[in-house]
Every structure is written in structure tokens, then in C-alpha cells.
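In: Structure for this input, please:
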Amino acid sequence: MNGAHAVARTLIDSGVEVCFANPGTSELHFVAALDDEPALRAVPCLFEGVATGAADGYGRMTGRPAATLLHLGPGLGNGLANLHNARRAGTPVVNLVGDHATFHKKYDAPLESDVDALARTVSGWVRRCDDPGTVGGDVAEAVAAATGAPGQVTTVLLPADVSWSDGARPAPPVSAQPPTTVPEQTVASVAAALRTHEPTALLLGGAATREPALSTAGRIAAATGARLLCETFPARLERGAGLPAVERLGYLAEGAMAQLDGVRHLVLVGAHAPVSFFAHPTLPSELTPDSCRIHTLATTSDDIHAALDDLADTLAAVAPAVFQAAVRPTLPTGELTAETAAAVVGALLPEGAIVVDEANTSGLWLPEATAGAPRHDWLALTGGAIGQGLPLAAGAALACPDRPVLCLEADGSAMYTISALWTHAREGLDITTVVFANGSYAILTMESQRLGTPANGPAHRDLLDLARPGLDFVALARGMGVPASRAMTAEDFTDQLREAFAEPGPHLIEAVVPTLF
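Out: All right, here's what the predicted structure looks like:
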């Protein structure tokens, strides 16, 4: 058995079922091994950033890692932005990165690079395999490291000669690191803060934004009067009618500071203390009030659900949480704007939908409009690196083929990884993509206004404008095999979204909306 076959068999035995691939010459022996291992589904991606983003979406929805197959340092480099998002999301991902044969590296061939250093920028665990006899064990450990608490990105560097050489063997699965138990004294300390009845908020992240931990947090809030907040960009938030209503922390520092104003105790549950996304000349980086004490109940490495259960028991929080009522917006008519589009989404969102949100400025009204829709999952832009939405939707759809996926995408962000549409079509994925076409990088115009920088010069207009020439997303989608349409009015959007939800397979709607800034 050669190294490539041992890698494939070890992945399967360790529970990995999907490999998102953009291979090159150094990975062709692994491609050949996939022919002999049909249990490891190979999904082709036209760009490495699509492969890594899809692996993130798959891992968020299953809790299990997908593999990526990337070509040398440049291939890994192309995938780094969405691996950054996966790292911030705590998603289990196993990267297989081919490298030059061990004896060839000294010749500094054109594709030679410091791939080890690149891998460490986004990976919590990196290993270079230099021996076909140990490659199976290396891969088994990579899967375990990715899956352990908290989930993380792991990277296996696989030289070509290790792949083609005999003497390899698959390795049995390695047990993943379990989450840590939160000490009783930590739970007691947090309970004491909640018993003060001073203004308190729970800031949820990680597993705390999903059932059953979410309902336990809701019971604690109901018993103590604490507010339920979650991170600005949660990796996976379960929400909708019948679940506790959770307020997302604002993106802008001003908004988040207003939300936290007067809070005396902030309890972190799988979340970090909030800081501004960018520095501002006149605003603080730390967003909690000076008078607020920060308490950590559990980190992402901890057993978050058990910690919340223990806290609820300590507080005798037996009353049920306050659940979100089932309510939908009225379908709008007339002008199509970001606000009316959000109302249409809220009115039509199917039960069990997975919403991938990279709408950016066009998404400001979406949380409120969809809060009372049937239960659904919301996947957000965890690391802030745009170009995540379309690939993330692909991975989510492959993870949950029985659930509809709605990808809400800004036009500028969509162009980063537009080739993901080809994968949507190739795999027949049930994804409805809505591109909010406002013809600009509106978020940068907004930030210019906040910073007080001049925004009327020719360079500013040229660099933030997407209208010369305009982007034709209908043509782009159809060119990659995805049925597409353009909505100019609220009625257009209602009809097209309803039709897309009713028909299986991929669809794209270009929603032409005015820019907000």
C-alpha cells in the first residue's frame, strides 16, 4: 500500500466522509486513491478558497471534519481567508496539502514555498509527513486534533514521494480530546454575580448558541432577569419561533456599547469579551463599560452545556425560557430595498432552513425580519474575511441534503468566490442564493463616514464602485449552470424566491437594491 491509499483509508476509518478538492500534480496519487475509496466523496472546487469555505460549512453543520485537498503553498495560500473564518468559528477541518517530493525541495522549483509557515497561520495543529510508514498515524491524529474540544483547523503536509511510496498502512481512529469540566467554584462565582440582581447579560458563543444549551441559557435568563446576547458573528445560531430570542451584539462599536451600557456583570459562555472590529480614533477598543465585571463561565474548550446545566441547578432555574413567538412580516410591495427584501425573506423562509449570511450592509434588517420565522440555523461571517458565503453554503448543503439552504450574499463579497456556483450546479445542491446588488462596497463607504475620511475624490469612487462595468450575476450564474433571475421590485423578489424554494437544486436571484451609503 502506498502513502496516498493509507491516507484515504485512515480518513474514512476516522469518520471523514467528504473531501473538497482542488488538486495539482503533487496530489495525483491521492486522487488515484480516491478511485479505490468511494466512501470518501470527492467534491471538485474551482478555487481553493471554495474548498476551504465548503469544509467550514460542512463542519459547522455536522460537528465532524471534512478534508480539503490543496496544492502546495500557493494552493494553501488561496484557501487561507476561509480557513481564517473556520479557525474563528472553531470548525473542525483537516487540510491535506501536497508538497514537493522530499528529495526535490532542495532544488527550489518554481512552486516551492514555506508551506509549513503558511499552514501555521490558520492551523491549530500542523504535521509534515516524511515517512510512508507513519503517514496513517499522522492523519488519524490530525482528525482527532480537529475534532477535539474546541474544534480546530489541522493541516497535514504530504510530500509527493510519501504519497507514491509503498510501505504505508492505515491507522485506527484516535480518540479526540473531550471538553473540560468547569469547576464547581467557577459555577458558584457566576451564580453569585447573577444573584446580585444588578444588570447582567450572558454573552453566548460556540456551543451555547445551539440546542440544548441555548434553552438552558434561556431558563437562566428567565430566572435571573439577565439578558441573552450572542457574538456578532456566531458560527451557528439556532433561532426562530419556539427558541429563546437572542440579541446579537452590534457590529459597530457605537451600537455594541449602547447595548452594553449599564450592564454591571457580563457572563461569557463560549464567547470572548467584546472588542471593536477596528480601532477608531475616538472610541475604545474594549466595548464593555468600565463599571462592568466580566465573568467567564465556560470557554470553547469547556463542556458548555454541562456548565450551563450546573449553573441552572445552582440557581434553581426551573421556569421555562421565554421563547420567540411565531410571527412573520407582511409581504411588501413596490420598491425593492434591503429592508423590503428582508421582509420577503422573513415571510417566506422555510422551516428547517440553513441561512448563510454574508449580506453585509444589505443585511441590517434581516435579524428582526426573520426572528419569528420557523426554526432555522444562521451561519455568520465569523472571521470577517469576505468571500465565505457561497462556499459555506455548499458545505452546509452537502452536510444536510434534506434541508434548504439560503445564501444571502453581498455583490462585492460574491465575486471573491463566485466559482462556488459551479460546485452548487455540479453537485445539484439545494441552495437559493440571493445576491444583493447595490453596485458598491457600501460597507467601506460607511466606514469612511465613521472615520471622517474624505469620500468624494476620484480614487475613493473608483475603488469602492462596482458599477463600471456593472456585474451581471444572472449571466454569471447561468454560465456556471445555475438557473438565475433578476428582481427589480418587491413583487419580483417575492415571486422568484417562492419559486426557488419550491424547486430543488441551485438557484440565484439578483436582487437589485439601492446602496445605503
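
In: May I see the buried residues of stretch 318-328?
Out: By neighbour count on 16 or more other CB atoms under 10 Å, the buried set for stretch 318-328 is Ala321, Gln324, Arg328. C-beta: built from backbone N, CA, C; applies to glycine.

In: Not counting its neighbours along the chain, what's nearest the first one?
Out: Spelled out, that is Ala321. Gly218 (2.5 Å; CB to CB, 6 or more residues apart in numbering).

In: shaky segments in the chain?
Out: The model of the chain has pLDDT under 70 over residues 455.

In: any idea which helix is longest in it?
Out: helix 48-62 (DSSP state H).

In: Now do the following helix or strand past that helix: everything it contacts.
Out: Once the chain leaves helix 48-62, the next helix or strand it forms, by DSSP states H and E, is strand 66-71. Outside strand 66-71, the residues that touch it by CB atoms under 8 Å, 6 or more residues apart in numbering are 11, 16-27, 30-31, 40, 48, 51-52, 54-55, 58-59, 76, 78-79, 93-98, 395.

In: In its sheet, which strands sit next to strand 66-71, and in what direction?
Out: Paired with strand 66-71 in the same sheet, following DSSP bridges, are strand 18-21 (parallel), strand 93-99 (parallel).

In: Return the most buried member of these.
Out: Most buried of the strands paired with strand 66-71 by mean neighbour count (mean count of other CB atoms under 10 Å) is strand 93-99; its value is a mean of 28.

In: and the strand or helix carrying Thr423, what other elements does it pack with?
Out: According to DSSP H and E, Thr423 maps onto helix 420-426. Secondary structure elements in contact with helix 420-426, counted by 3 or more CB pairs under 8 Å, 6 or more residues apart in numbering; DSSP states H and E, are strand 41-44, helix 48-62, helix 389-399, strand 431-437.

In: Going along the chain, name the helices of the stretch 51-200 of the chain.
Out: 72-78, 80-89, 115-120, 135-147, 160-164, 184-195 (DSSP state H, counting those that start in this stretch).

In: likewise the stretch 351-500 of the chain?
Out: Counting by DSSP H, counting those that start in this stretch, the helices of the stretch 351-500 of the chain are 366-370, 389-399, 411-414, 420-426, 442-451, 458-464, 473-479, 490-502.

In: Specify the stretch among the ones you listed that is closest to Gly3.
Out: helix 389-399 (26.7 Å; CB to CB).

In: in terms of contact, does Ala149 touch Gln177 like I think?
Out: Yes - under the criterion of CB atoms under 8 Å, Ala149 makes contact with Gln177 at 6.0 Å.

In: Looking at these two, which is more packed in?
Out: Per other CB atoms under 10 Å, whichever of Ala149 and Gln177 has more neighbours is Ala149, with 19 against 13.

In: show me the contacts for the nearest residue to Gly481 once chain neighbours are set aside.
Out: Distance criterion CB to CB, 6+ apart; nearest residue to Gly481, sequence neighbours excluded, is Ala425 at 3.4 Å. Residues in contact with Ala425, defined by CB under 8 Å, 6+ apart, are Met480, Gly481, Val482, Pro506.

In: didn't the third one look like it was pressed against Ile509?
Out: No - at 10.5 Å, Val482 does not count as touching Ile509 under the criterion of CB under 8 Å.

In: between these two, who's got more neighbours?
Out: Ile509 (25 against 22).

In: pretty sure Val356 contacts Leu392?
Out: Yes - contact criterion CB under 8 Å: Val356 and Leu392 qualify, at 5.0 Å.

In: between those two, what contacts are shared?
Out: Gly57, Leu379, Cys407.

In: contacting residues for the nearest residue to Thr91 once chain neighbours are set aside?
Out: Leaving aside its sequence neighbours, Thr91 sits nearest to Gly59 (CB to CB, 6+ apart; 4.0 Å). By CB under 8 Å, 6+ apart, the contact set of Gly59 is Pro65, Ala66, Ala86, Thr91, Pro92, Val93, Gly151, Gly395.
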